[in-house]
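In: could you look at this predicted model? Sequence included:
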Amino acid sequence: MRTSIITAALLAALGSAVALPASAAPLAPGAVAAPSDMVSTVQMDRMERHMMRRRMERRMMRHRMERHEMRREMRHRMMRREMMRRM
(Lines give C-alpha, C1' and ligand atoms only; values in the text may rest on other atoms or scores of the structure.)
Protein backbone atom coordinates (compact mmCIF):
# COMPACT_ATOMS: atom_id res chain seq x y z
CA MET A 1 0.00 0.00 0.00
CA ARG A 2 2.72 2.41 1.07
CA THR A 3 4.92 1.68 -1.95
CA SER A 4 2.02 2.19 -4.34
CA ILE A 5 1.35 5.66 -2.86
CA ILE A 6 5.04 6.57 -3.18
CA THR A 7 5.12 5.23 -6.74
CA ALA A 8 2.01 7.22 -7.67
CA ALA A 9 3.51 10.38 -6.16
CA LEU A 10 6.77 9.85 -8.09
CA LEU A 11 4.91 9.29 -11.36
CA ALA A 12 2.82 12.43 -10.79
CA ALA A 13 5.94 14.51 -10.08
CA LEU A 14 7.76 13.16 -13.13
CA GLY A 15 4.66 13.54 -15.31
CA SER A 16 4.27 17.22 -14.43
CA ALA A 17 7.96 17.85 -15.10
CA VAL A 18 7.75 16.26 -18.55
CA ALA A 19 4.36 17.76 -19.45
CA LEU A 20 4.09 19.96 -22.52
CA PRO A 21 3.39 23.69 -22.24
CA ALA A 22 -0.28 24.64 -21.86
CA SER A 23 -0.37 26.76 -25.03
CA ALA A 24 -1.10 25.06 -28.34
CA ALA A 25 1.43 27.20 -30.20
CA PRO A 26 4.65 25.38 -30.97
CA LEU A 27 7.75 26.94 -29.45
CA ALA A 28 10.46 27.95 -31.87
CA PRO A 29 14.00 26.93 -30.94
CA GLY A 30 15.51 29.59 -28.72
CA ALA A 31 12.16 31.37 -28.23
CA VAL A 32 11.32 32.72 -24.80
CA ALA A 33 7.89 31.70 -23.53
CA ALA A 34 6.38 34.02 -20.92
CA PRO A 35 4.15 32.48 -18.28
CA SER A 36 0.45 32.79 -19.09
CA ASP A 37 -0.29 34.72 -15.87
CA MET A 38 2.29 37.41 -16.66
CA VAL A 39 1.02 40.33 -18.76
CA SER A 40 3.43 42.85 -20.16
CA THR A 41 2.40 46.49 -20.42
CA VAL A 42 3.47 48.59 -23.36
CA GLN A 43 3.94 52.33 -23.11
CA MET A 44 1.85 54.28 -25.63
CA ASP A 45 3.34 57.20 -27.48
CA ARG A 46 1.66 60.62 -27.54
CA MET A 47 -0.08 60.17 -30.86
CA GLU A 48 -1.54 56.79 -29.93
CA ARG A 49 -2.81 58.09 -26.60
CA HIS A 50 -4.34 61.12 -28.34
CA MET A 51 -6.11 58.92 -30.90
CA MET A 52 -7.49 56.62 -28.20
CA ARG A 53 -8.73 59.57 -26.20
CA ARG A 54 -10.46 61.12 -29.22
CA ARG A 55 -12.08 57.80 -30.07
CA MET A 56 -13.38 57.44 -26.52
CA GLU A 57 -14.74 61.00 -26.60
CA ARG A 58 -16.52 60.33 -29.90
CA ARG A 59 -18.06 57.13 -28.51
CA MET A 60 -19.25 58.91 -25.39
CA MET A 61 -20.69 61.78 -27.44
CA ARG A 62 -22.51 59.39 -29.77
CA HIS A 63 -23.93 57.50 -26.79
CA ARG A 64 -25.04 60.76 -25.19
CA MET A 65 -26.69 61.93 -28.40
CA GLU A 66 -28.53 58.61 -28.78
CA ARG A 67 -29.89 58.92 -25.26
CA HIS A 68 -30.86 62.53 -25.89
CA GLU A 69 -32.67 61.57 -29.09
CA MET A 70 -34.51 58.74 -27.36
CA ARG A 71 -35.69 61.01 -24.57
CA ARG A 72 -36.80 63.61 -27.12
CA GLU A 73 -38.84 61.03 -29.03
CA MET A 74 -40.46 59.75 -25.86
CA ARG A 75 -41.35 63.25 -24.75
CA HIS A 76 -42.77 64.00 -28.19
CA ARG A 77 -44.91 60.83 -28.15
CA MET A 78 -46.19 61.62 -24.68
CA MET A 79 -47.20 65.12 -25.71
CA ARG A 80 -49.03 63.81 -28.78
CA ARG A 81 -50.79 61.19 -26.66
CA GLU A 82 -51.97 63.81 -24.21
CA MET A 83 -53.12 66.07 -27.03
CA MET A 84 -55.12 63.24 -28.59
CA ARG A 85 -56.78 62.45 -25.24
CA ARG A 86 -57.94 66.02 -24.84
CA MET A 87 -59.74 65.97 -28.17
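Out: Done, it's in.

In: run through this structure and note the low-pLDDT ranges.
Out: For the chain, the stretches flagged by pLDDT under 70 are 1-37, 39.

In: at 90 what do you get?
Out: The chain contains residues with pLDDT under 90 at 1-44, 83, 85-87.

In: can you give me the helices for it?
Out: In the chain, the helices defined using DSSP state H lie at 2-18, 46-86.

In: and those helices: which comes nearest residue 38?
Out: Ranking the helices of the chain by proximity to residue 38 (Cβ to Cβ) places helix 2-18 first, at 19.7 Å. Every residue, glycine included, has its C-beta placed from N, CA and C.

In: could you dump the helices of the chain into JSON lines with distance to residue 40 and mean neighbour count added?
Out: Formatted as JSON lines, the helices of the chain follow (distance: least, Cβ to Cβ, whole Å; neighbours: other Cβ atoms under 10 Å):
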{"stretch": "helix 2-18", "distance to residue 40": "26", "mean neighbour count": "9"}
{"stretch": "helix 46-86", "distance to residue 40": "16", "mean neighbour count": "10"}
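
In: format those helices as a markdown table; extra columns: distance to residue 38.
Out: Formatted as a markdown table, the helices of the chain follow (distance: least, Cβ to Cβ, whole Å):
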| stretch | distance to residue 38 |
| --- | --- |
| helix 2-18 | 20 |
| helix 46-86 | 23 |
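
In: who's in contact with residue 77?
Out: Under the criterion of Cβ atoms under 8 Å, 6 or more residues apart in numbering, residue 77 has no neighbours.

In: just residue 45 next, same as before
Out: Residue 45 makes no contacts at all, as judged by Cβ under 8 Å, 6+ apart.

In: ok, it to residue 59 distance?
Out: Distance of residue 45 to residue 59, computed by Cβ to Cβ, to the nearest Å: 21 Å.

In: likewise for residue 82?
Out: Taken as Cβ to Cβ, the span from residue 82 to residue 59 is 35 Å.

In: just residue 86 next, same as before
Out: According to Cβ to Cβ, residue 86 and residue 59 sit 41 Å apart.

In: what are the contacting residues of stretch 50-59?
Out: For stretch 50-59, contacts defined as Cβ under 8 Å, 6+ apart pick out residue 44.
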